[in-house]
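# need a structure here:
(2 chains)
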Amino acid sequence: MPTIQGALGPGFQIVILYLLLSNAGHANDFSYLRENDANGNVWEIRLATASPPLNQIHSWYISAFNSEGHPLTDLTLSISGGMRAHGHGLPTTPKVSAEISPGIYQVDGIKFQMWGEWQVQSELTDQHGNTVGNHEFEFILAP
Amino acid sequence: MACATCHIPEHYFTDGRPLPIVATNTSLSELPTRHTPTVVGAALHRWQFWDGRAESLWAQALGPLENPLEHNSDRLAIVRYVLNEYRLSYLQAFPNSESTLPKLERLPEHGSPLSHVAEYQTNWRQLSGEQRSEINHVFANIGKALAAYQAKILPDESRFDRFVDGLNLPTDNQSLSYLDLHEQAGLKLFISEQTGCIQCHNGPLFSNSDFQATLSSAEIIPEREGRVAGIALAHADPFNCRGIYSDAPDSCDELDFAKVNGIELQAAFKVPGLRNVAKTAPYMHDGGFASLSEVLRYYNQAPMHGFSHNELQPLRLQPYQLKQLESFLVALNSELITDAYWLTPPTPPSQGDNS
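Okay, the predicted model is just below:
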């Protein structure tokens, strides 16, 4: 699990700086993630920013490849997410706007309004509604 | 009644009452149920009102003008008043709008689609589509002028800000003195994982501008109140970002992507900012808590009201820690950054005006 620095205690000088400037860039890099799911597919996230911004609507580019490296293309991607520990979902309803190139899906309208541990689930289905692949990204958003 | 009847500058633009006073000329028996929030820094919030039923400050400003419990006026009377008394200033602020101004002499005195006076509603229905749109344009512009004014009302630096600036400036060797040890301990608690305050109270105003269920009041119907109601109203509002009176109908991400259903929206209210919070008692959407110590005592116990969704866990802090948290909140006090010119009421242009 990628950890974007969790400690709030001793490092509080840094934290309060970001309290004020919490929309500014983050020290920790998370503009790209690559993970395998249980079925051998490879999932990638790309962001236009250095890491997911707090309180700002932004886009994710999600792509998936099968174990042979072929893009999972011409499918329907659906996204959900939230903070399991707090029992709430995302504050927005993200929409998949396009498959911008084979196997790369653009998801708009993602927002995180709290620091802490987030889960984002993505699922690819074919035209019959059968699941072709799914994966959960988990990460800690921290100042 | 003026905006400042409830948003009183001496009270940090709140009214110091649990619930606001009611317009004396209202015919409604309904009473207000929402506490008056401050307008200081409101321009920095993404959504307005406790339930976020307006998604811009200008759309928000149109609400109280026609609300029977507040100004209890109607848009035709308001447009008439502004164009009669302030025509020149209006045309300076909104140049090139002269040719599309409503022809007031051909219109009834009163009219609004929202009025609770049947006659005013009928008047509105009898106008042509073009007349309604001309009136709505001026009405929307009045909202934009009110919003432009409110955008100037911003808090200045607090001792907390100087403390933070000091920590980041190695040459400032008195930085630690801006907050005493008690307040520093409160700050540590505020940003700790144990309290989780910055989960919701983050960003420049100490608010994520989002909607969270903290269930301090048992007096509400969760399925019908809070964000769940607010987002539906925001979508239905002809003065929203997507509407024809909007200046930026192509950049409406907040409205377009806002969640419209889900249990999290029930009984969820906007996270209020915390700057100068010590000056704005009582607290919460219903004004239900008289003091900061009552608020903190609530967070410490966080009772459930039997609703399924509450985001708070009891903090179980010691009494001295609650005091520390409170002293930190007081250290967020500051003056306004706003020029005194904007805080002095102008002389009214004519007598006998009741808007």
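# from here on, just use CA atoms for contacts and neighbour counts.
Noted.
# select the helix or strand of chain A having the lowest average pLDDT value.
Scoring the helices and strands of chain A by mean pLDDT, DSSP states H and E places helix A:12-20 at the bottom, with a mean of 43.
# can you list the weak-confidence ranges in chain A?
Counting by pLDDT under 70, chain A has low-confidence residues at A:1-29.
# where does the residue sitting nearest the centre point of chain A fall, helix, sheet strand or coil?
Residue closest to the average C-alpha location in chain A (Cα atoms, centre = their mean): residue A:120, at 5.6 Å. Look at residue A:120: counting by DSSP: H, G, I helix; E, B strand; the rest coil, its state is strand.
# list the contacts for it?
Residue A:120 is in contact with A:79, A:80, A:81, A:82, A:136, A:137, A:138, counting by Cα atoms under 8 Å, 6 or more residues apart in numbering or on different chains.
# excluding its backbone neighbours, what's nearest the third one?
Taking Cα to Cα, 6 or more residues apart in numbering or on different chains as the measure, residue A:81 lies nearest to residue A:120, with 4.1 Å between them; neighbours along the chain are not counted.
# which strand residues bridge that neighbour?
residue A:81, residue A:137 (DSSP bridges).
# tell me the contacts of residue A:112?
Residue A:112 makes contact with A:52, A:53, A:54, A:55, A:56, A:57, A:90, A:91, according to Cα under 8 Å, 6+ apart.
# in the stretch 51-200 of chain B, what residue lies closest to chain A?
Closest approach of the stretch 51-200 of chain B to chain A (Cα to the nearest Cα) occurs at residue B:199, with a separation of 4.7 Å.
# my read: residue A:31 touches residue A:48, true?
Yes: counting by Cα atoms under 8 Å, residue A:31 does reach residue A:48; the two are 6.8 Å apart.
# helix/strand/coil for the residue of the stretch 51-200 of chain B closest to chain A?
helix.
# now it. Nearest residue, chain neighbours left out?
On the basis of Cα to Cα, 6+ apart, the spatially nearest residue to residue B:199 that is not a chain neighbour turns out to be residue A:114, at 4.7 Å.
# and the one you found, what helix or strand is that in?
Secondary structure here is read from DSSP states H and E; on that basis residue A:114 sits in neither a helix nor a strand.
# how does chain B divide into domains?
Structural domains assigned to chain B are B:3-153, B:159-226+B:266-330, following automatic domain parsing.
# state the number of residues packed around residue 125.
No chain in the question, so chain A it is. Burial measure for residue A:125: 17 neighbouring residues, criterion other Cα atoms under 10 Å in any protein chain shown.
# correction: the question concerned chain B.
Burial measure for residue B:125: 14 neighbouring residues, criterion other Cα under 10 Å.
# how close does residue A:83 get to residue A:119?
In this structure, residue A:83 and residue A:119 are separated by 6 Å, where distance is defined by Cα to Cα, to the nearest Å.
# same question but for residue B:144, I mixed them up
According to Cα to Cα, residue B:144 stands 39 Å off from residue A:119.
# in terms of neighbours, single out the busier of these two.
Comparing residue B:144 with residue A:119 by neighbour count (other Cα under 10 Å), the higher total belongs to residue B:144, at 22 against 18.
# quick check: closest non-adjacent residue to that one.
Distances taken as Cα to Cα, 6+ apart place residue B:58 nearest to residue B:144, at 4.6 Å, with adjacent residues excluded.
# hmm, the one you found is touching residue B:150, no?
No: judged on Cα under 8 Å, residue B:58 makes no contact with residue B:150 at a distance of 9.5 Å.
# so what's the residue count around residue B:286?
Applying other Cα under 10 Å, we find 19 residues neighbouring residue B:286.
# apologies, that question was intended for residue B:9.
If we define neighbours as other Cα under 10 Å, then residue B:9 has 17 of them.
# so what pLDDT did it get?
Confidence at residue B:9, expressed as pLDDT, is 92.
# against chain A, how distant is it?
When Cα to the nearest Cα, to the nearest Å is the yardstick, residue B:9 and chain A sit 25 Å from each other.
# spatially nearest residue to the closest residue to chain A within the stretch 1-150 of chain B (excluding sequence neighbours)?
Among all residues of the stretch 1-150 of chain B, residue B:46 sits closest to chain A, at 9.8 Å; criterion: Cα to the nearest Cα. Among residues not flanking residue B:46 along the chain, residue B:209 sits closest, at 5.9 Å (Cα to Cα, 6+ apart).
# hmm, the one you found is touching residue B:43, no?
No: judged on Cα under 8 Å, residue B:209 makes no contact with residue B:43 at a distance of 11.0 Å.
# tell me which of those two has more neighbours.
Neighbour count, other Cα under 10 Å: between residue B:209 and residue B:43, residue B:209 has more, with 24 against 20.
# what sits against the more buried one?
B:45, B:46, B:47, B:270, B:271, B:272.
# give me the neighbour count for the third one.
For residue B:47, the number of neighbouring residues by other Cα under 10 Å comes to 25.
# what's the spacing between the residue lying closest to it once chain neighbours are set aside and residue A:42?
Spatial nearest neighbour of residue B:47, chain neighbours left out: residue B:55 (4.5 Å); criterion: Cα to Cα, 6+ apart. Note on residue B:55: its distance to residue A:42, by Cα to Cα, is 39 Å.
# which of those two has more neighbours?
The neighbour count for residue B:55 versus residue A:42, taken as other Cα under 10 Å, is higher for residue B:55 (25 against 22).
# who's more crowded, residue B:58 and residue B:150?
Here residue B:58 and residue B:150 are compared on neighbour count by other Cα under 10 Å; more neighbours surround residue B:58, at 24 against 19.
# checking the more buried one next. Helix, strand or coil?
Once three-state DSSP is applied, residue B:58 turns out helix.
# how close does residue A:68 get to chain B?
Summarising the geometry, the distance separating residue A:68 from chain B, computed by Cα to the nearest Cα, is 35 Å.
# quick check on that residue: phi, psi?
Dihedral angles of residue A:68 (phi, psi; degrees, to the nearest 10) stand at phi -90, psi 0.
# cool, residue A:32 as well?
Comment: the main-chain dihedrals of residue A:32 come out as phi -150, psi 130, following degrees, to the nearest 10.
# who touches it in this structure?
Taking Cα under 8 Å, 6+ apart, we find residue A:32 in contact with A:44, A:45, A:46, A:47.
# burial of residue A:66, as a residue count?
Neighbour count of residue A:66, defined by other Cα under 10 Å: 17.
# contacting residues for it?
Residue A:66 sits next to A:40, A:41, A:42, A:72 when contact means Cα under 8 Å, 6+ apart.
# apply 10 Å and report the result again.
Neighbouring residues of residue A:66 by Cα atoms under 10 Å, 6 or more residues apart in numbering or on different chains: A:36, A:37, A:39, A:40, A:41, A:42, A:43, A:72, A:132, A:133.
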